[in-house]
Structures are given as C-alpha cells and as structure tokens.
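Student: fold the following for me, if possible:
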Amino acid sequence: MPDNKMKAILEYLSNRTEQYTPTVCEIASAIGVSVESTHHMLTVLRDRGYITWDPR
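Tutor: Presented below is the predicted three-dimensional model:
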C-alpha cells in the first residue's frame, strides 16, 4: 500500500480535469515535495502497478 505522499500523488492524478499528462514538476508542486522525491515515488508507484507512463 502506498504511503501518504504516494496516496496524494494518486489522488492528484485521479482528480485532474486537464487532458494533458502533468509533468513531474507539476505533480511535485501540487503535493509539496521535491521533484526528486516525486520522481522516486512515481517510479515506486509504477513498479507496484498503480500507474503506467510513457517515457516520451
């Protein structure tokens, strides 16, 4: 199960109304953590099967 910050990322992603994919910087700003931490958490979420992403 994801920790609180990872849950915040998942909530942010699920509540978005924009049609474009947010950048790591946008996600970091929205949840209030560093870009590096956000990237790490996104990688963990991907590895656990919670999200997918296209590297392009």
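Student: C-alpha only now, for contacts and for neighbours.
Tutor: Noted.
Student: which strand or helix spans P2?
Tutor: Here P2 is covered by no helix or strand, with elements defined by DSSP states H and E.
Student: spatially nearest residue to it (excluding sequence neighbours)?
Tutor: Residue nearest to P2 in three dimensions, not counting chain neighbours: L45, with 7.5 Å by C-alpha to C-alpha, 6 or more residues apart in numbering.
Student: which residues touch that neighbour?
Tutor: Listed by C-alpha atoms under 8 Å, 6 or more residues apart in numbering, the contact set of L45 reads P2, M6, I51.
Student: name only those of those that count as buried.
Tutor: Listed as buried from the contacts of L45 are M6; burial here means 16 or more other C-alpha atoms under 10 Å.
Student: wait, which of the contacts of L45 is closest to H40?
Tutor: Of all the contacts of L45, the one with the least separation from H40 (C-alpha to C-alpha) is M6, at 9.9 Å.
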